[in-house]
Every structure is written in C-alpha cells, then in structure tokens.
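**Q** my questions are about this predicted structure, shown below with the sequence.
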Amino acid sequence: MEKLARPVLSNLAAGTLRANMPVECVPGSRADREQFTHLEAVGRLLAGISPWLELSGEDDEPALRKENTLRDELRDLARRALARGMDPASVDRLNFSVGHQPIVDAAFLAHALLRSPVQLWERSDALVRDQLREAFIGLRDRKPGFCNWLLFSAITEAALARFGGRWDPMRVDYALRQHEQWFVGNGLYKDGPNFHADYYNSYVIQPMLIDTLRALHEAGQGQHWPGLLDTVLMRACRYAEIQERTINVDGSFAPIGRSLAYRCGAFQHLAQMALQQALPATISPAQARGALDAVVRRTTEAPDTFDENGWLTIGLCGHQPSIGEGYISTGSTYLCSAALLPLGLPASDPFWTGAPVPFTQQKVWAGVDVPADHD
C-alpha cells in the first residue's frame, strides 16, 4: 500500500506530479492520455486506500504504532494532495472539465470520499470541499456512455447527496433502473446492452451499485429505492462466491476481457465484501484473506511491476505493455489498490485474526472434498 501511495501523494502534495509521473500508454495516444492520467492515478489510488486512511488508531499496541504513524503521515499527504489538485492556480490542478474521461475518475475519487468521510472529506479544508462539489456538478455537461459509465454519474451524485451538495436524483435513478434491467442472473450484470466476459462487475458495477445505495441511505434518500440495496447485496454475495472460486492456487486468474492492467483490482468486489463484513456464509473472512493475499502478491510482486522510480508500469504480471488498451495509461493502473480495501478493517477483526484457511481452488486441487457450487 505504501509503495503504491507514496509516489502519487507526495508528488501531488509537492506540486510535482506532472513533472515526475511517467505517462506510459499505447504509442500515439500520449497527447490524449496525459490530459487524464493524473486524476486517474489520484482517484483510483484513493478509492483503494481510503478505508485504511479512515481507520481509527484505537489499536495502539506496540506492534501497530508504526502503522498508525504511517497512517497519520499519509492522511496528511492525501489532504494536501487534494488541496493542490483542486487549486486552480496549481500546475498540478486535476482535470475535471476537459473530455469524457473525467466522468470516470471523478467517480473513483467520489468513491474514495464516501469510503473516508472523516479523514478525506470532513478534515479537508472547506474550500477544498466546495471545489470538489463544484467539480462533480460540472461533470453534468457531458453524457456518460450507455454501460457501466452510468454508475460513474450515479456515484458522484450520491456523494453530492451525502456531502450536502446539489444532487440530481434523475442521474442516480436512471443508472439504478438500467442496471436492474441489465441483471442477467447468477450474481452478474451485463455491461450495457451486451454481456461481457470480463471483470467489470468487480472493477465498477457491483462496488459502485452497493456504495451508491449506501450513500443515499446515509443521506436520508434511500426511501426512493425501497428494498433495492437488499436485492443488490444478495446478488453481490453470489458474485463474491464466484470471485473467490476464480483465484487459482498460485494467485493467478484467467486473463479474460478488457482492462487487465488493473491487475488485482479485478477483485475489488471480493475485497469490498470483506471490508463491509458482508461475505457469504460459504467464505470465511480468513478464507477471503488468503485468496486476496495470493492474488495481490501474484500481480504486484512480479519483476518490473514498478519502474526504477517506483511508478506502476502497464501489465498484469510484470511489465506487459501490449496488455494496455488505448484508454490505459500509467494512472489507470492504480486501480489495483482496490484489492487492498480490507486494510480498513481493525487488527481485531476476524479477517486478520482467523487461522489460515485454504481458499476454494487450493482445497479442490489438493483433493479435498468440497460441496458442489450452486447459484
């Protein structure tokens, strides 16, 4: 987590992000992607580490003091980075206003704020909070794509509702109703009119559906969608089962579909269900810990995952630039931090204290008799 966070936050806080962050991308796309890659890096990184930033330091036993000190440092860096990124006079001002890509990464930033309402929102300066609200409202002059992008608009509006801004219920309602139509069964949603065999149910769809609805309930607006959160969570439990079963014995997983350069971010959904203590009964917290640990290590400890200056490279297992599509750049890759969401659980949580438990594929391929899988 620190290795991911420090280059992004320290450079933005110092006003050197544009100067120092590389922009790796598909040849010929640099002029386009360098407009967006910095907001991508900040929004996606914070979306993953925000629960850890939010965690109180109440566990002050000696073994945790170093972590608490690091958390205090990175909280301060994150708030200073946001202030610099929102400052209209800063060379590192983040781009919310040009192009359609900011619809995406403002949503990841909104998700981070919802996951850390005290440390990233309440304890940021009032001016920064006002600037964030206006940046989110300003996205309404662009139309999201007719796919998972509808949820990007929905979660920024939900954040406005949660944090006292002028929110648009219609953008939320449209996204929620459309995804109800796109549910295809067995815990899965289509990504737009067609089903795609990829990881977008985890990259975007299910985490943002859940947290959009949670934010609206916290804002006192949940009555407009009665019962929907329970329905979404029921489906999410099934998808968590599927996710856990797709992690191979060595932490690898099938390289299927778009955006594989997000690495272990493909398992954001399983990580969020662990964070929210909403795992299905078939997956113990310790079992989820083992599965997530395996996939995080497999995708972040490969040689050349980071360049010589500590920035992420494009790839799934190491540096594999051909895996990057035209919309992928250095900043995009920081969605891998979403697999670290359970760091927001206290040290006393069963996720950390439970004795190691083999995850499903470890059991199956070791010859253990496991129950059949059912929808």
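**A** Sure, I can see it.

**Q** contact partners of the longest helix seen in the chain?
**A** Using DSSP state H, we find that the single longest helix of the chain is helix 62-86. Judged by CB atoms under 8 Å, 6 or more residues apart in numbering, the contacts made with helix 62-86 from elsewhere in the structure are 2, 5-6, 8-10, 12-15, 17, 38-39, 42, 46, 49, 52-53, 55, 57, 59-60, 90, 92-94, 119-120, 123-125, 128, 131-132, 135, 347. Heads up, the C-betas are built off the backbone N, CA and C, glycines and all.

**Q** average model confidence for it?
**A** Regarding helix 62-86, the rounded mean pLDDT is 94.

**Q** buried set for stretch 345-361?
**A** In terms of neighbour count (16 or more other CB atoms under 10 Å), stretch 345-361 has its buried residues at 345, 349, 351, 357, 358, 359, 360, 361.

**Q** could you point out the helix or strand that follows the longest helix of the chain?
**A** Read in the C-terminal direction, the helix or strand following helix 62-86 is helix 101-115, with elements assigned using DSSP states H and E.

**Q** so which elements touch that next one?
**A** Under the contact criterion of 3 or more CB pairs under 8 Å, 6 or more residues apart in numbering; DSSP states H and E, the helices and strands touching helix 101-115 comprise helix 37-54, helix 126-138, helix 149-162, helix 206-218.

**Q** let's see it at 6 Å
**A** Applying 3 or more CB pairs under 6 Å, 6 or more residues apart in numbering; DSSP states H and E, one finds that helix 101-115 makes contact with helix 37-54, helix 149-162.

**Q** nearest to residue 102, out of those?
**A** Proximity of the helices and strands packed on helix 101-115 to residue 102 was assessed by CB to CB; the nearest stretch is helix 37-54, lying at 6.1 Å.

**Q** the inter-axis angle of that closest one versus helix 101-115?
**A** Computed by axes from the mean of the first three to the mean of the last three CA atoms, to 10 degrees, the angle separating helix 37-54 from helix 101-115 equals 10 degrees.

**Q** quick one: helix 37-54 to helix 126-138, angle?
**A** Here helix 37-54 points in a direction 120 degrees away from that of helix 126-138 (the same axes, to 10 degrees).

**Q** quick revisit: now the buried residues of stretch 345-361 in TSV, with pLDDT?
**A** TSV is the format used below for these (pLDDT from 0 to 100):
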residue	pLDDT
345	97
349	96
351	98
357	95
358	98
359	98
360	98
361	98
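
**Q** inside helices: which ones of those?
**A** With DSSP H as the criterion, helices contain 351, 360, 361 from among the buried residues of stretch 345-361.

**Q** tell me the contacts of the first one?
**A** The one in question is residue 351. For residue 351, the contacting residues are 274, 285, 289, 342, 345, by CB atoms under 6 Å, 6 or more residues apart in numbering.
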